[in-house]
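Enquirer: Just to be clear, the model below is a prediction. Sequence and coordinates:
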Amino acid sequence: MGMTLTEKILAAAAGKEKVTPGEIVSVKVDVAMMDDILGPRIEIAERLEELGAKIWDPEKVVVISDHYTPPATIRQADIVKFTREWARSCGIRRYHEYEGACHQILAEKGYIRPGMIAVGTDSHTCMGGAVGAFATGIGSTDMLGVLVTGEIWLKVPASIKVFWVGKLGPGVMAKDIILKTCGIIGHAGATYRAVEFVGPAIKELPMDERWCIANMAVEMGAKNGIIEADAITDAFLEALGLDKGKHFSSDPDAVYVREISLDASQLEPQVACPPAVDKVCPVNEVAGEKINQAYVGSCTGGRINDLMMVARILRGRKVAKDTRLLVSPASREVYQRALKAGFLETIADAGGVILAPTCGACVGAHSGLLAGGERCISSTNRNFVGRMGSPQAEIYLASPATVAASALEGRIADPRPYLEG
Ligand SMILES: CC(C)[C@H](C(=O)O)[C@@H](O)C(=O)O
Ligand code: SF4
């Protein structure tokens, strides 16, 4: 009986020929990421000191201050200062702040590569699976164990295969693929599972779009989301001057606990309705709902490909009166590329407001952008009560294309008419 991609990566990292779902293995970690909000300040620094323990390999540790940059309170500023000083004191060279969301930094710097084991103190660390690595979010206690030993124990997750055939139509994006998938599997339907995305519709996606899909695996409860590395992955890493890593692929006779087959050519733009990520429907079922705010940003939907799509829809048009369009590039690097490409100018000319690259708005770390009774459509990954501000505000999740079209109309809108011709 063969192994799946996830099982093969875990077997190699555990130094074993074979692993089976449910088995407990100890694997060597290649990348350990901590962010400011759940990183060293949450007991890790203190416990390491108490233990008199050293970090097993500072070169494999990445620390990123992103949730609290820019700080909205003095306490947040203190946390960023503590995180920065701790990283320096431990000789951690790869410390980043004011550069954007942690998962985008891990991605665009090529810190995570095919075949690697990557762990991070943030639930969307699974985004690293987009390059054919095993990447998962862990808590601070587990991270303490990783920092001291360089290993982590894992229960091998059984795999779900999501097979996407066909080709996405104009105005339909990877976010629509992952929202549709979340709607089918449900917010807990992949609990402690690996979700492997395969098929021609996935294979033709550029890296920017693959990150979005792997990022939201955790919104189905998944342990990890993963896309097999291929020539597109290699080209992405080559452009960074990095090695291709170790490519693995699922055996033809690999065993999956569930297999779902979907057709991207039939896929319409999707929307996740408040207050759950799996309350998903085609955009036209909620089109016309008034919105007060449209948000483009985050590690899910703030990349250059997203900003290019937003600029394409906004070009020569104006954001609706009484509607706020806020755009936060996923990282400083994306910001600079979008500036050079003129996308930010186009967005600003249409009436969009460009915010700094930050987690802040996505997770309400800036004490929230939304007042009670307001409605926002957002390219982010969570729409829980109170996520972006008032508990009486509502958040719809959608692709950057749908967000842009909705900003123009001041109501939830299908982006496809804006892309015809
Ligand atoms: C605040 C942080 C712990 C959280 C996460 O782990 O995902 C955040 O990044 C989020 O998006 O909700
Ligand atoms: S989901 Fe939002 S808050 Fe969480 S890491 Fe990504 S950008 Fe930051």
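Expert: Thanks, I have the structure now. Ligands and ions are numbered 1, 2, ... in the order given.

Enquirer: Follow the chain on from the helix or strand hosting residue 232 and name the next helix or strand.
Expert: Per DSSP states H and E: residue 232 is located in helix 231-239. Sequence-wise, the next helix or strand downstream of helix 231-239 (DSSP H and E) is strand 258-263.

Enquirer: quick one: contacts of the helix holding residue 232?
Expert: With CB atoms under 8 Å, 6 or more residues apart in numbering as the test, helix 231-239 has contacts from 110, 113-114, 131-132, 203, 205-207, 210, 243-245. C-beta: built from backbone N, CA, C; applies to glycine.

Enquirer: Now that we have those, which of them are buried?
Expert: 110, 113-114, 131-132, 205, 207, 210, 244-245 (16 or more other CB atoms under 10 Å).

Enquirer: count of neighbours near the nearest residue to residue 220 once chain neighbours are set aside?
Expert: Nearest non-adjacent residue to residue 220, counting by CB to CB, 6 or more residues apart in numbering: residue 190, 3.8 Å away. A count of nearby residues for residue 190, using other CB atoms under 10 Å, gives 28.

Enquirer: On the three-state scheme, residue 190 is what?
Expert: Classification of residue 190 by DSSP: H, G, I helix; E, B strand; the rest coil places it in coil.

Enquirer: State the distance from the closest residue in space to residue 70 that isn't next to it in sequence to residue 332.
Expert: What sits nearest to residue 70 in space, not counting adjacent residues and going by CB to CB, 6+ apart, is residue 356, at 6.2 Å. Separation of residue 356 from residue 332 (CB to CB, to the nearest Å): 9 Å.

Enquirer: How about residue 33?
Expert: Taking CB to CB, one finds residue 33 at 17 Å from residue 332.

Enquirer: Repeat that for residue 32.
Expert: From residue 32 to residue 332 the distance is 23 Å (CB to CB).

Enquirer: my guess is residue 30 contacts residue 61, does it?
Expert: No - the pair residue 30 / residue 61 is not scored as a contact, 10.8 Å apart, by CB atoms under 8 Å.

Enquirer: Can you get me a residue count around residue 372?
Expert: For residue 372, the count of nearby residues is 9 (other CB under 10 Å).

Enquirer: Which of the helices or strands spans it?
Expert: Using DSSP H and E, residue 372 sits in no helix or strand.

Enquirer: ok, it - contacts?
Expert: Neighbouring residues of residue 372 by CB under 8 Å, 6+ apart: 390-393.

Enquirer: which of those has the most neighbours?
Expert: Highest neighbour count within those: residue 393, with 24 neighbours (other CB under 10 Å).

Enquirer: That one contacts residue 377, doesn't it?
Expert: No - Residue 393 is beyond contact range of residue 377, at 11.8 Å (criterion: CB under 8 Å).

Enquirer: And what about the residue nearest to residue 70, helix, strand or coil?
Expert: With three-state DSSP as the basis, residue 356 sits in coil.

Enquirer: pretty sure it is touching residue 97, no?
Expert: No - counting by CB under 8 Å, residue 356 stays clear of residue 97, with 11.7 Å between them.

Enquirer: returning to what we had before: higher neighbour count, residue 32 and residue 332?
Expert: Neighbours were counted for residue 32 and for residue 332 using other CB under 10 Å; residue 32 has more, 26 against 17.

Enquirer: Three-state assignment for residue 294, please.
Expert: Three-state call for residue 294 (three-state DSSP): strand.

Enquirer: Any idea which residue of the stretch 51-200 of the chain lies closest to ligand 2?
Expert: residue 101 (3.8 Å; CB to the nearest ligand atom).

Enquirer: returning to that earlier point: for the contacts of residue 372, which two are the farthest from each other?
Expert: Taking CB to CB as the measure, the contacts of residue 372 span a maximum distance of 7.3 Å, between 391 and 393.

Enquirer: Spell out which residues sit in contact with residue 302, please.
Expert: Neighbouring residues of residue 302 by CB under 8 Å, 6+ apart: 100-101, 104, 296, 327-331, 334, 357, 379.

Enquirer: try 6 Å this time
Expert: When contacts are counted by CB atoms under 6 Å, 6 or more residues apart in numbering, residue 302 touches 328-330.

Enquirer: Skipping its backbone neighbours, what lies nearest it in space?
Expert: Once flanking residues are discounted, residue 302 sits nearest to residue 330: 3.5 Å by CB to CB, 6+ apart.

Enquirer: right, and residue 394 touches residue 275 too?
Expert: No - contact status for residue 394 versus residue 275: not in contact, 7.5 Å apart, counting by CB atoms under 6 Å.

Enquirer: Confirm residue 80 sits in a strand?
Expert: No - counting by three-state DSSP, residue 80 falls outside a strand, being helix.

Enquirer: That one and residue 67 touch, don't they?
Expert: No - taking contacts as CB under 6 Å, residue 80 lies outside contact range of residue 67: 9.2 Å.

Enquirer: okay, and the helix or strand of this protein with the least pLDDT?
Expert: helix 360-363 (a mean of 90; mean pLDDT, DSSP states H and E).

Enquirer: check whether that helix contacts ligand 1.
Expert: Yes - judged by CB under 6 Å from any ligand atom, helix 360-363 and ligand 1 are in contact via residue 363.

Enquirer: contact partners of that helix?
Expert: Contacts for helix 360-363 (CB under 6 Å, 6+ apart): 298, 328, 366, 369, 380.

Enquirer: Check which element follows that helix along the chain.
Expert: Next along from helix 360-363, by DSSP H and E: strand 375-378.

Enquirer: Nothing else from me, thank you.
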